[in-house]
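# output the structure for:
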Amino acid sequence: MSGDRPGEDDLVRLIRALVRRRAPGLLTGVGDDCAVLETRGGPSLLATTDLLVEDVHFRRRWAEPADIGAKAMAVNVSDIAAMGGTPRWALVGLGCPEGTGAEAIEAFYAGALEVADAHGVAIVGGDTSASPSGWLVCVTLLGEAARPVLRSTARPGDVVAVTGTLGRSAAGLAVLERETAPPGLDAALLDDVTGAHLRPRPRAAEGRWLAGAGGVTAMMDLSDGLATDLGRLLAESRAGARVDVERLPIAAATRAVAEALDADPVDWATGGGEDYELLVVCEPGAFARLRAGLADATGTPLTAVGEVVDGSGTRWLDGRGRAVAVAPGFEHFRG
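The predicted model follows:
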């Protein structure tokens with residue numbers, strides 16, 4: 001690594017090299033959505049943790065304590081969902097500035113418990129501390145999976161697909177960052193996109209169904225944007241991909257906000273981040289069955305957007321097969 005400020009992927013590679021020694025019972029370590037740990041005769045244990053930092057992952061100007069708690073739990077549930085697992089036990093670490101009242105902390109835990117209860121998660125411990133500058137939240141979540149789905153097992157010829165729609169969270173953030181609401185958009189539409197940013201919905205039921213349905217070869221969640229996260233999956237699988245940007249599922253509300261703000265909704269879909277949809281790679285002969293079955297089981301759409309190919313990296317194409325540039329994903333270490 002050079003002396004320049006590292007990006008998140010640089011740090012992951014560094015940490016991976018430092019801790020590369022395998023431990024007894026470790027099946028999958030650094031480089032996937034969760035660590036996968038061997039148990040005695042039962043399902044594999046999944047372990048994940050996410051750090052949320054004020055003014056990096058949320059802003060108190062519009063995120064209430066309950067929103068912060070809900071999001072902190074949801075993003076960890078999303079990691080378990082990406083492995084096709086069931087979330088079970090959480091530990092919550094919370095650092096708050098001096099003067100934070102009990103009412104705010106109670107609201108934070110109410111938000112976290114709302115998501116935890118919805119997914120059968122028990123909060124079993126954690127830690128608290130004073131913070132010298134802003135809120136800091138760290139949730140560690142443990143779950144179980146009979147057959148975890150990894151990032152590293154995509155194969156050339158497989159279909160690249162996504163659940164739900166892309167770009168709603170980025171549209172919501174664009175609205176929240178403004179001092180006034182975009183003109184010509186009704187309150188329900190604005191609530192839809194801002195809610196997607198403040199209170200993301202992890203696709204836990206969808207991940208479990210897909211993992212058990214057969215035909216899914218790789219999976220991860222979309223936390224930092226399709227452009228970045230697909231690149232990570234491809235790097236782990238040592239493959240490349242072609243993606244047709246005209247097939248990306250973008251909600252009407254996202255397109256309406258983009259038009260009002262003179263923004264490109266495709267940029268939000270590829271680079272906005274924090275959608276917490278699932279990036280699903282499957283056998284080509286299984287896609288139609290998975291799309292229909294997932295819709296029947298959960299009501300969530302599954303959209304094919306491209307295919308895995310030999311090589312490396314992603315080729316982004318328009319409907320005529322011409323190369324196009326797309327926005328990069330979210331960078332946690334951007335200065």
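
# from here on, just use CA atoms for contacts and neighbour counts.
Noted.

# can you give me the helices in the chain?
8-18, 65-82, 102-118, 168-176, 187-198, 204-213, 226-237, 252-261, 265-271, 287-298 (DSSP state H).

# how about those in a markdown table, adding mean neighbour count?
Compiled in a markdown table, the helices of the chain are given as follows (neighbours: other Cα atoms under 10 Å):
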| stretch | mean neighbour count |
| --- | --- |
| helix 8-18 | 13 |
| helix 65-82 | 28 |
| helix 102-118 | 17 |
| helix 168-176 | 24 |
| helix 187-198 | 18 |
| helix 204-213 | 21 |
| helix 226-237 | 22 |
| helix 252-261 | 18 |
| helix 265-271 | 25 |
| helix 287-298 | 15 |
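
# output these as CSV; include the columns distance to Cys34 and mean pLDDT.
Shown next, in CSV, are these (distance: least, Cα to Cα, whole Å; pLDDT from 0 to 100):
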stretch, distance to Cys34, mean pLDDT
helix 8-18, 13, 56
helix 65-82, 6, 97
helix 102-118, 18, 97
helix 168-176, 23, 97
helix 187-198, 23, 97
helix 204-213, 14, 98
helix 226-237, 13, 96
helix 252-261, 30, 97
helix 265-271, 22, 96
helix 287-298, 23, 98
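
# to Val309, which of the ones you listed lies closest?
With Cα to Cα as the criterion, Val309 lies closest to helix 226-237 of the helices of the chain, at 9.6 Å.

# list of residues touching that closest one?
31, 151-155, 219-223, 240-241, 269-271, 273, 279, 312-314, 326-330 (Cα atoms under 8 Å, 6 or more residues apart in numbering).

# in the chain, what residue sits furthest out from the centroid?
Taking Cα atoms, centre = their mean, the residue of the chain most remote from its mean C-alpha position is Gly99, at 32.2 Å.

# phi first, then psi, for it.
Main-chain torsions, Gly99, degrees, to the nearest 10: phi 100, psi -10.

# per-residue pLDDT, it?
On pLDDT, Gly99 comes in at 90.

# count of neighbours near the residue lying closest to Leu52 once chain neighbours are set aside?
Using Cα to Cα, 6 or more residues apart in numbering and skipping the chain neighbours, the partner closest in space to Leu52 is Val137 (5.1 Å). Val137 has 20 neighbours, counted by other Cα atoms under 10 Å.

# my understanding was that Val137 contacts Pro97; is that so?
No: assessed by Cα atoms under 8 Å, Val137 is found out of contact with Pro97, at 12.0 Å.

# got the helices of the chain as TSV, with distance to Val92 columns?
Converted to TSV, the helices of the chain look like this (distance: least, Cα to Cα, whole Å):
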stretch	distance to Val92
helix 8-18	23
helix 65-82	9
helix 102-118	9
helix 168-176	24
helix 187-198	19
helix 204-213	20
helix 226-237	26
helix 252-261	32
helix 265-271	29
helix 287-298	29
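
# circling back to that earlier point, quick one: the residue nearest to Leu52 from Leu94, how far?
5 Å (Cα to Cα, to the nearest Å).
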